[in-house]
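Novice: need a 3D model of the sequence below.
(one chain, ligands or ions: 1)
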Amino acid sequence: MNLIYEKFYIDGRWVQPETANRINVISASTEETIGQVPDGSEADIDAAVSAARRAFDDPSGWAHLDPVDRNAVLERFADEIESRSAETVQRVSAQNGMPVSVGAASEGTAPAVLLRYYVGLMAALPTEEVREGLFSGTTVIRREPIGVVAAIVPWNFPQSLTFMKLAPALAAGCTVVLKPSPETVLDAFLVAEAAEAAGMPPGVLNIVPGGREVGAHLVSHPGIDKVSFTGSTAAGRQVGEVCGRLLRPVTLELGGKSAAIVLDDAELAPDLGKFFAATMLNSGQTCYLGTRVLAPRSRYDEVVDLLAAMVASLKVGDALDPETQLGPLSSARQRDRVEAYIAKGLGDGARLVAGGGRPTGLDRGWFIEPTIFADVDNRSTIAQEEIFGPVLSVIPYANVDDAIAIANDSDYGLGGSVWSPDTDRAMAVARRVQTGTIGINSFDMDIGSPFGGVKASGMGRELGPEGLAANQVIKSIYRQY
Ligand code: NAD
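Specialist: Below you'll find the model as predicted:
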């Protein structure tokens, strides 16, 4: 794979970048260059925001189309995205090391499903509602598109995260400037090609890849009405500060350090595949994972042994190999970071049960062994900070109250899971965990239900009707006759 792009998709056209700066795309599995694209500058962002602004403000444009007509364009967009899904999966996996077996659903299937879901919602939900006034008259309550949306996404699930923003925003009638992460840009060009092929009107979707400075310029740009950000908590705090000062609506989907709570009656062995997906998917580079495994003291050794066996059975290898269950980390920087956390865990006295090093026989690519630490103190660094690698900390607990207290003793609150054949008991625990989302005997995100975090994991919700509402403003028109 060696894909070269020279231009950006802005205002429905392929335009020359304002600078000669380039992004070199490297394969996480082979460390070889697999593509090159222009690196966005502030001037490119300015051009993209102007185009999105014009398209939004056009009185006969996207925002004012009948939803039926917008939906027709988005249906074609979904078809075009779907026809590129196999190529999309390959590009994502080659770039960030996500196994194609994982990317097939999240990066291949989910984008078109999301578009069609929001097309369906816009068709089903009225944009106006009439209420009787409490004193007199009637009020027409209108849901209008919020405006020009800045969509900023990370590299870990670049396509599904992109469409969690694009699908509701475009369906609501917003126009969008999308800034993909520099690590995953090749898949974003397929989105641009699909938009063009679908006949998306000029300026409705504009795509400028670039780094954090370019992202920061987009966030504070006067032409933006709403920021939709997914990324680290550190960056999210900066984005939130800027949006607070500007009184600019913002959705923040940030980091996590969730708990997988194994109850004392859990039957984990038959569910190890689901347990792996809920705790280590995509080499731990998934925001909602339960990377703190809370195990009852009565069954602690058994759980630790089971997890050691789980990671020993994983097939680690090239992300493009369909058999691979665990690929490399996305970048050399990311591996350095994970290795530093493993060293910190050892230094703080955690017991290394499995992994901890680089796998033998995989000399190229940013591979790391799936790693299990036992006897971890919940207050220690590896239990409190987001590692974003295949590293689990197994923490003992005395009883259910203790487990819930440990789960909630975290700055974060994004995902998590509870494991028990007694689903009523598991539900009772799930209700008490301070988190935006939680799974029972798995963690299967549902596109039709809201997703997001509490505490340092973010603000606002994506997905479901709530994700559409986040791209709308409500106007009340008071009528006397
Ligand atoms: P990151 O914060 O470094 O970057 C994310 C995106 O934001 C990139 O496009 C980057 O260029 C841009 N960016 C960085 N700083 C910015 C700033 N100050 N202003 C504007 N844009 C800025 O995160 P990352 O390392 O790419 O991604 C991993 C993080 O994302 C993890 O913390 C993970 O938990 C989080 N994440 C959260 C969710 C969720 O839904 N809650 C989903 C996936 C990933």
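
Novice: for the protein, which residues are neighbours of the ligand?
Specialist: By Cβ under 6 Å from any ligand atom, the residues of the chain that approach the ligand are 152-156, 161, 179, 181, 211-212, 215-216, 219, 230-232, 235, 238-239, 253-256, 287, 386, 388, 414, 453, 458. (Each C-beta comes from the backbone N, C-alpha and C, glycine too.)

Novice: mind giving me the PyMOL select for the residues you listed, buried ones only?
Specialist: This is the PyMOL syntax for the buried subset of these, where burial follows 16 or more other Cβ atoms under 10 Å:
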select buried, resi 152+153+154+155+156+161+179+181+215+216+219+230+231+235+238+239+253+254+255+256+287+386+388+414+453+458
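
Novice: contacts only, for Glu75.
Specialist: 115-116, 119 (Cβ atoms under 8 Å, 6 or more residues apart in numbering).

Novice: buried stuff in whichever strand or helix holds it?
Specialist: Using DSSP states H and E, Glu75 falls within helix 67-83. If you call a residue buried by 16+ other Cβ under 10 Å, then helix 67-83 has these buried ones: 67, 70-71, 73-74, 76-78, 80-82.

Novice: immediately after that helix, which helix or strand?
Specialist: helix 85-96.

Novice: off-centre distance for the helix or strand following that following helix?
Specialist: On the C-terminal side of helix 85-96, the closest following helix or strand by DSSP H and E is helix 100-103. Here helix 100-103 shows a centroid-to-chain-centroid distance of 15 Å under the convention Cα atoms, centre = their mean, to the nearest Å.

Novice: quick check: mean pLDDT of helix 100-103?
Specialist: Helix 100-103 shows a mean pLDDT of 98.

Novice: give the contact list for the spatially most central residue of the chain.
Specialist: Compute the mean C-alpha point of the chain, and by Cα atoms, centre = their mean the closest residue is Leu161, 4.2 Å away. Residues counted as contacts of Leu161 (Cβ under 8 Å, 6+ apart) are 153-154, 230, 253.

Novice: okay, those in CSV with pLDDT next?
Specialist: As requested, those are exported to CSV (pLDDT from 0 to 100):
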residue, pLDDT
Val153, 98
Pro154, 98
Thr230, 98
Glu253, 98
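
Novice: if I look at Val433, how far off is the ligand?
Specialist: According to Cβ to the nearest ligand atom, to the nearest Å, Val433 stands 16 Å off from the ligand.

Novice: the helix holding Glu75 vs helix 85-96, what angle?
Specialist: 70 degrees (axes from the mean of the first three to the mean of the last three Cα atoms, to 10 degrees).

Novice: contacting residues for whatever residue of the stretch 1-150 of the chain ends up closest to the ligand?
Specialist: Nearest residue of the stretch 1-150 of the chain to the ligand: Ala150, at 8.6 Å (Cβ to the nearest ligand atom). The contact partners of Ala150, taken as Cβ under 8 Å, 6+ apart, are 49, 176-177, 179, 218-219, 221, 224, 226-228.

Novice: out of these, which is most surrounded?
Specialist: Neighbour count (other Cβ atoms under 10 Å) singles out Ser228 as the most crowded of the contacts of Ala150, with 30 neighbours.
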